[in-house]
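Asks: any chance you can model this:
(one chain, ligands or ions: 1)
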Amino acid sequence: MVTKPVISIKNLRKSFGSNEVLKGVNLEVYPGQVIGYIGPNGAGKSTTVKIMLGIIEEYEGQIEIFGEDITGQTDYKKRIGYVPEDGEIYESLTGYEYLTFLGKIYGLDFESANKKAERLSQLFGIEESYHSPISSYSKGMKQKLLIIASLLHNPDILFLDEPLSGLDANSVMVLKELLARLARQGKTIFYCSHIMEVVEKISNRILLINKGQIVADGSFEELKAKSKQGSLEGIFNQLTGFSEHQKIADEIISTLGE
Ligand SMILES: Nc1ncnc2c1ncn2[C@@H]1O[C@H](COP(=O)(O)OP(=O)(O)OP(=O)(O)O)[C@@H](O)[C@H]1O
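Replies: A predicted model of the protein is given here:
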């Protein structure tokens with residue numbers, strides 16, 4: 001049996017005014033893949049993800065998720081989890097209120113949403129604050145809440161935008177292990193990050209987007225063999241044509257002294 005892609009993107013283009021941000025992105029993603037989506041600031045990563053999530057509705061091209069065109073669709077969202085980069089959380093709600101509210105939106109009944117949310121809060125080490133307002137949470141605690149919220153309905157595709165932001169080293173280990181296991185179950189992970197060491201380790205497929213176009217697509221080993229660079233950071237520098245970090249740092253230092 002031939003495995004069908006869970007995500008299929010054909011010739012995706014998006015402009016904001018005269019700024020053409022995505023210039024014909026083509027992509028097929030399969031179940032069990034952990035995609036590391038990397039690229040310079042402003043390259044178009046979040047825009048791609050937001051279009052797939054239906055947050056940005058106007059674009060050119062075709063996107064199919066779970067085999068269906070997403071135009072005008074909402075049902076597919078029930079099978080998707082999302083950890084946004086700058087997640088807006090309703091700070092006046094408690095963790096319990098926020099998670100059970102989201103659980104309901106995803107179609108879980110209250111009892112099972114509450115049970116799952118409480119257990120996951122325990123496993124992520126934030127159970128003591130389950131009934132406290134989110135405004136009292138630390139940055140890492142809020143991040144954990146966003147991660148729990150993205151997982152609660154056991155989604156088939158997980159979109160993560162800098163998910164390690166604010167997490168301590170132990171929690172990072174848990175999340176890395178968790179993502180590997182979810183992928184083994186056939187779930188798909190779409191992981192946007194600037195932390196090259198982590199992307200290198202967790203992804204089985206790396207996509208590098210530069211100026212709105214995918215300029216590299218392959219496993220770390222494949223990209224390494226092609227570019228003759230030993231690290232993902234080196235590959236990133238080479239493919240984005242960047243070799244000026246020392247010169248720029250020098251210029252910043254001399255500007256500070258002016
Ligand atoms: N709502 C918007 N209105 C206008 N321009 C936008 C909007 N959202 C994004 N852009 C522009 O689109 C381009 C790509 O932004 P995007 O957020 O997709 O980049 P990114 O690759 O996720 O960057 P970063 O690594 O900094 O998060 C940038 O030039 C940005 O200014």
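Asks: how about the longest helix belonging to the chain: buried residues?
Replies: Once the chain is assigned using DSSP state H, the helix that runs over the most residues is helix 169-184. Across helix 169-184, burial judged by 16 or more other Cβ atoms under 10 Å covers 171, 174-175, 179, 182-183. Where you see a C-beta, it was placed from the backbone N, CA and C, and this is true even at glycine.
Asks: quick check: which element contains Lys4?
Replies: Lys4 is part of no helix or strand when elements are defined by DSSP states H and E.
Asks: so what's it up against?
Replies: Contact analysis of Lys4 by Cβ atoms under 8 Å, 6 or more residues apart in numbering lists 30, 67.
Asks: got the phi/psi numbers for the residue of the stretch 101-250 of the chain found nearest the ligand?
Replies: Here the stretch 101-250 of the chain gets closest to the ligand at one residue, His194, 6.4 Å apart by Cβ to the nearest ligand atom. Per-residue torsions, His194: phi -110, psi 0 (degrees, to the nearest 10).
Asks: excluding chain neighbours, give the residue nearest to Phe110 in space.
Replies: Computed as Cβ to Cβ, 6 or more residues apart in numbering, the closest residue to Phe110 that is not its neighbour in sequence is Thr100, at 6.0 Å.
Asks: wait, a helix at that neighbour?
Replies: Yes - under DSSP: H, G, I helix; E, B strand; the rest coil, Thr100 falls within a helix.
Asks: pretty sure it is touching Lys115, no?
Replies: No - Thr100 lies out of contact with Lys115 (Cβ atoms under 8 Å); the separation is 9.9 Å.
Asks: on that earlier part again, residue contacts, the residue of the stretch 101-250 of the chain closest to the ligand?
Replies: Counting by Cβ under 8 Å, 6+ apart, His194 makes contact with 38, 162.
Asks: can you give me the strands in the stretch 101-250 of the chain?
Replies: According to DSSP state E, counting those that start in this stretch, the stretch 101-250 of the chain carries its strands in the segments 157-161, 188-192, 205-210, 213-218.
Asks: can you tell me the average pLDDT over the last one?
Replies: Averaged across strand 213-218, the pLDDT comes to 94.
Asks: re the thing from before, need the per-residue pLDDT for the residue of the stretch 101-250 of the chain closest to the ligand.
Replies: Reported pLDDT for His194: 89.
Asks: return stretch 28-41 as CSV; C-alpha atoms alone will do.
Replies: Extracted in CSV, the C-alpha atoms of stretch 28-41 (Å, rounded to 0.1, in the frame of the first residue of the first chain):
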residue,chain,number,x,y,z
GLU,A,28,4.6,16.7,0.6
VAL,A,29,4.8,15.5,4.2
TYR,A,30,4.2,11.9,5.3
PRO,A,31,3.0,10.3,8.5
GLY,A,32,5.7,9.7,11.0
GLN,A,33,8.0,12.5,9.7
VAL,A,34,9.5,15.0,12.1
ILE,A,35,10.1,18.0,9.9
GLY,A,36,12.6,20.6,11.1
TYR,A,37,11.5,23.8,9.4
ILE,A,38,14.3,26.3,9.5
GLY,A,39,15.3,29.5,7.8
PRO,A,40,16.4,33.1,8.5
ASN,A,41,14.2,35.6,10.3
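Asks: pull out the buried residues from that stretch.
Replies: Buried residues in stretch 28-41, defined by neighbour count with 16+ other Cβ under 10 Å: 29, 31-40.
Asks: okay, buried residues for the one helix or strand Glu251 maps to please.
Replies: Taking DSSP H and E as the criterion, Glu251 maps to helix 245-256. For helix 245-256, burial by neighbour count (16+ other Cβ under 10 Å) applies to no residue.
Asks: fine, thanks again, bye for now.
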